[in-house]
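Chemist: need a 3D model of the following:
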Amino acid sequence: MSSVAMSHRLGDLTDWFSGGTPSKKKPEYWGEDIPWISASSMGGSRYFDSDLKITTEGLEAGSRLAPKGSILLLVRGSTLHKRIPVGIAEREVAFNQDVKAIRVKPELIAGQVTDELYLYYWLKANEQLLLEMVEHTGIGAGKLDTKRLQNLEIELPPWHEQRKIVTTATALDEKEILNSHINQTLEQMAQAIFKSWFVDFEPVKAKIAALEAGGSEEDALLAAMQAVSGKGEPELTRLQAEQPEQYTELRATAELFPSAMQDSELGEIPEGWESGLLNDICEFQNGYAFKSKDWSDSGFAVVKIGSVKPAFVDIQSCSYVADKTIAGLERFELFPGDLLVGMTGYPGETGLVPKTENRVFLNQRVGRLKPKQNNLKALLYCNVRDPDFKQYVEGQAHGSAQANVSGKAIGHYPITIPTGSVVEQFSALIDPLLQQKLNLNAEAMSLAITRDTLLPKLLSGEVSAPEIKDPSQEASRHSDIGDGVAFDE
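Modeler: Numbers count the residues shown, from 1 in each chain. The predicted structure follows:
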């Protein structure tokens with residue numbers, strides 16, 4: 001690295017902005033297409049989506065947009081006791097009051113002094129320094145004082161050296177980002193099929209519409225095939241000619257759906273299906289009540305409420321217990337692919353346990369939802385990942401200081417239960433998507449480890465960026481956690 005480096009105060013390089021939370025009591029503020037970033041959605045290194053979204057009206061009433069390219073830094077929350085969530089906004093996103101949006105002053109970018117990407121990697125490389133700055137609040141949350149952060153001194157190498165560092169680090173990030181995008185697409189695919197089959201009943205209604213129009217049973221079957229595949233009649237004709245096996249499989253799937261509806265407690269549902277409750281397809285298990293003396297600085301991870309994040313449990317933010325503590329607690333051990341649900345503070349928040357090298361255990365007030373049969377995993381997962389589930393659980397929660405919900409209330413969530421043959425086919429379609437999500441997340445975790453190991457060395461000059469020919473190859477040394485763990489373990 002060039003010996004010419006200039007010292008700057010972080011606050012002199014940047015502008016800082018605070019976010020906000022629109023009133024949760026006004027439904028018109030929530031549920032459209034502006035991602036709203038909070039602590040629970042700050043996983044990974046790039047922010048482009050969130051389970052919680054707000055409307056334009058909600059944005060104007062109580063939040064703020066961070067422009068694309070902004071650094072988003074969590075400055076308040078219990079997560080700060082374990083790690084410092086920070087990343088780059090890949091699109092315009094709203095954010096809450098616990099998050100700061102940081103922009104480099106435009107004239108400094110134009111003058112090639114520095115930019116957001118370099119400062120983001122500087123913050124990542126100095127996570128330990130930031131952790132030491134975290135203050136404790138009276139309610140258990142951590143806090144980073146904005147003025148102290150702005151007073152941090154940064155040694156900035158020349159612009160061309162910064163570009164080398166950013167290029168090297170980004171090479172690792174890009175694969176992690178790609179995996180996150182693919183996982184988002186897999187989630188959308190699973191939920192789209194679930195909604196079509198089990199919420200809107202599109203294959204059944206397509207059959208009914210064809211018959212009511214005077215069509216034959218064959219016409220009804222063709223209509224259901226179109227609803228299942230999203231293909232028109234000409235496309236299905238080509239599929240039959242060019243890929244007969246796939247056509248036959250699609251036809252067999254369409255045949256599984258009835259051609260009539262029936263009344264039920266949930267309203268009209270397909271004939272032969274049942275209205276039921278979530279606990280008809282799964283068992284609920286609460287976690288173990290670890291005592292204050294059990295906690296340790298290292299050992300086995302324990303999933304608490306704050307670690308149950310959308311999509312995946314955040315293992316990095318977990319607390320730890322020592323070896324002797326988990327003796328006899330085998331039934332509380334978690335495995336990759338286990339589905340967890342928050343019961344206190346974040347009622348209805350769900351996430352999968354990722355692949356990890358360490359053993360992981362379940363804390364109280366976090367529930368594990370265990371399918372009663374192996375082929376019910378996909379149906380269970382998609383039911384609780386549906387936004388209606390979280391809304392239902394939040395409605396069942398009680399408590400003025402902190403919302404709480406019981407396992408019994410969670411289990412009473414109403415669902416439609418299809419016939420066994422439909423369940424089998426749905427499982428065959430969705431289980432591979434969930435397995436792929438686990439594998440891609442494991443690969444992203446190994447890449448993040450590699451990046452975080454390299455960054456301090458790159459910024460200090462211990463390692464020169466040009467010496468690293470293919471940074472993604474470094475991840476292979478950490479990739480064991482991405483192999484050989486099945487979703488159904």
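
Chemist: do you know how far residue 157 is from residue 320?
Modeler: Separation of residue 157 from residue 320 (Cβ to Cβ, to the nearest Å): 37 Å. No exception for glycine: its C-beta is placed from N, CA and C like everyone else's.

Chemist: same deal with residue 275?
Modeler: With Cβ to Cβ as the criterion, residue 275 and residue 320 are 43 Å apart.

Chemist: shaky segments in this structure?
Modeler: Within the chain, the stretches with pLDDT under 70 are 1-4, 400, 466-489.

Chemist: what is the lengthiest helix in it packed up against?
Modeler: In the chain, assigned by DSSP state H, the helix with the most residues is helix 420-460. Using 3 or more Cβ pairs under 8 Å, 6 or more residues apart in numbering; DSSP states H and E, the elements in contact with helix 420-460 are helix 116-125, helix 159-194, strand 350-352, helix 377-385, helix 471-474.

Chemist: now that helix against helix 377-385, angle please.
Modeler: Counting by axes from the mean of the first three to the mean of the last three Cα atoms, to 10 degrees, helix 420-460 lies at 70 degrees to helix 377-385.

Chemist: got the angle for helix 420-460 vs helix 116-125?
Modeler: 90 degrees.

Chemist: what angle do helix 420-460 and helix 159-194 make?
Modeler: 170 degrees.

Chemist: distance of residue 458 from residue 465?
Modeler: Remark: distance between residue 458 and residue 465 (Cβ to Cβ) = 6 Å.

Chemist: settle it for me: which of those two has more neighbours?
Modeler: Taking other Cβ atoms under 10 Å, residue 458 and residue 465 do not tie; residue 458 has more neighbours (24 against 20).

Chemist: how close does residue 322 get to residue 140?
Modeler: Taken as Cβ to Cβ, the span from residue 322 to residue 140 is 22 Å.

Chemist: follow-up on the earlier one: now the helices and strands packed on helix 420-460 as JSON lines including distance to residue 62?
Modeler: Shown next, in JSON lines, are the helices and strands packed on helix 420-460 (distance: least, Cβ to Cβ, whole Å):
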{"stretch": "helix 116-125", "distance to residue 62": "25"}
{"stretch": "helix 159-194", "distance to residue 62": "26"}
{"stretch": "strand 350-352", "distance to residue 62": "26"}
{"stretch": "helix 377-385", "distance to residue 62": "27"}
{"stretch": "helix 471-474", "distance to residue 62": "41"}
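
Chemist: hmm, who's touching stretch 285-296?
Modeler: Outside stretch 285-296, the residues within contact range by Cβ atoms under 8 Å, 6 or more residues apart in numbering are 302-303, 319-322, 325, 329, 331-332, 343, 361-368, 370, 407.

Chemist: can you give me the end-to-end distance of it?
Modeler: Stretch 285-296 has an end-to-end distance of 24 Å (criterion: Cα to Cα, to the nearest Å).

Chemist: cool, stretch 190-205 as well?
Modeler: 20 Å.

Chemist: neighbouring contacts of it?
Modeler: Applying Cβ under 8 Å, 6+ apart, the contact partners of stretch 190-205 are 224, 227-228, 254, 257-261, 269-270, 378-379, 381-383, 385-386, 416, 418, 422, 426, 429-430, 433-434.

Chemist: same deal with stretch 129-141?
Modeler: Applying Cβ under 8 Å, 6+ apart, the set of residues contacting stretch 129-141 from outside is 76-78, 80-81, 83-84, 123, 142-145, 148-149, 152.

Chemist: coming back round to it: from the contacts of stretch 285-296, which land in strands?
Modeler: Using DSSP state E, the members of the contacts of stretch 285-296 that fall within strands are 302, 303, 319, 320, 321, 361, 362, 366, 367, 368, 370.

Chemist: need the buried ones from those selected in PyMOL.
Modeler: Of those, the buried ones can be selected in PyMOL as follows, counting by 16 or more other Cβ atoms under 10 Å:
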select buried, resi 302+303+319+320+321+361+362+366+367+368
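
Chemist: which two of the ones in strands among the contacts of stretch 285-296 have the greatest separation?
Modeler: 320 and 370 (24.3 Å; Cβ to Cβ).

Chemist: residues near residue 432, how many?
Modeler: Neighbours of residue 432 (other Cβ under 10 Å): 13.

Chemist: how close does it get to residue 231?
Modeler: 21 Å.

Chemist: what's the closest non-adjacent residue to the residue nearest to the spatial centre of the chain?
Modeler: The C-alpha lying nearest the average C-alpha coordinate of the chain belongs to residue 311 (Cα atoms, centre = their mean; 3.2 Å). Nearest in space to residue 311, with sequence neighbours left out and distances taken as Cβ to Cβ, 6 or more residues apart in numbering, is residue 351 at 6.0 Å.

Chemist: with just CA atoms, put stretch 411-420 into PDB.
Modeler: Output of stretch 411-420 as PDB, limited to C-alpha atoms (Å, rounded to 0.1, in the frame of the first residue of the first chain):
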ATOM      1  CA  GLY A 411     -51.100 -23.800  17.100                       C
ATOM      2  CA  HIS A 412     -54.700 -22.600  16.700                       C
ATOM      3  CA  TYR A 413     -53.800 -20.700  13.500                       C
ATOM      4  CA  PRO A 414     -56.500 -21.800  10.900                       C
ATOM      5  CA  ILE A 415     -55.200 -23.600   7.800                       C
ATOM      6  CA  THR A 416     -56.600 -25.500   4.800                       C
ATOM      7  CA  ILE A 417     -55.400 -29.200   4.800                       C
ATOM      8  CA  PRO A 418     -55.400 -30.700   1.300                       C
ATOM      9  CA  THR A 419     -55.500 -34.400   0.500                       C
ATOM     10  CA  GLY A 420     -52.400 -36.500   1.000                       C
END
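
Chemist: related to what we said a few turns ago, now the contacts of stretch 129-141: which count as buried?
Modeler: Listed as buried from those are 76, 77, 78, 80, 84, 123, 142, 144, 149, 152; burial here means 16+ other Cβ under 10 Å.

Chemist: just name the closest of the residues you listed to residue 67, please.
Modeler: Distance to residue 67 across those (Cβ to Cβ) is lowest for residue 123, with 18.0 Å.

Chemist: show me what contacts that closest one?
Modeler: Applying Cβ under 8 Å, 6+ apart to residue 123 gives the contacts 71, 73, 84, 86, 130.

Chemist: just those residues now: which is nearest residue 23?
Modeler: residue 73 (24.8 Å).

Chemist: hang on, isn't the closest one packed against residue 99?
Modeler: Yes: Residue 73 lies in contact with residue 99 (Cβ atoms under 8 Å); the separation is 6.8 Å.

Chemist: so these two - more neighbours on which side?
Modeler: Set side by side, residue 73 and residue 99 show more neighbours around residue 99, with 29 against 23, by other Cβ under 10 Å.
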